[in-house]
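Trainee: pasting the structure only:
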């Protein structure tokens, strides 16, 4: 595994179509881990709104810290 290439990042968000493939890329090619995965769906997050209306969909989020993350 390579050394992390991103070390001075404050905060960043990236939307991807395939979270599992994106995680493999960040781990294998950039050495970024551990990734904590959170899943939001109607069973664990009631009344999720989208444009002010309830949504029945679900989504996953992967989060990690790289270097010294700063900011508020």
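Mentor: Looks like it came in fine. This is a predicted model, so every value here is computed, not measured.
Trainee: Mind listing the residues bridging to the residue nearest to the spatial centre of the chain?
Mentor: Most central in the chain under Cα atoms, centre = their mean is residue 62, positioned 2.7 Å from the mean C-alpha point. Under the criterion DSSP bridges, residue 62 forms beta bridges with residue 37.
Trainee: Please give me every residue in contact with the closest residue in space to residue 3 that isn't next to it in sequence.
Mentor: Distances taken as Cβ to Cβ, 6 or more residues apart in numbering place residue 31 nearest to residue 3, at 5.5 Å, with adjacent residues excluded. C-beta here means a position set from N, CA and C on the backbone, and glycine is covered the same way. For residue 31, the contacting residues are 1, 2, 3, 4, 5, by Cβ atoms under 8 Å, 6 or more residues apart in numbering.
Trainee: So for residue 31, what's the pLDDT?
Mentor: Predicted confidence (pLDDT) for residue 31: 88.
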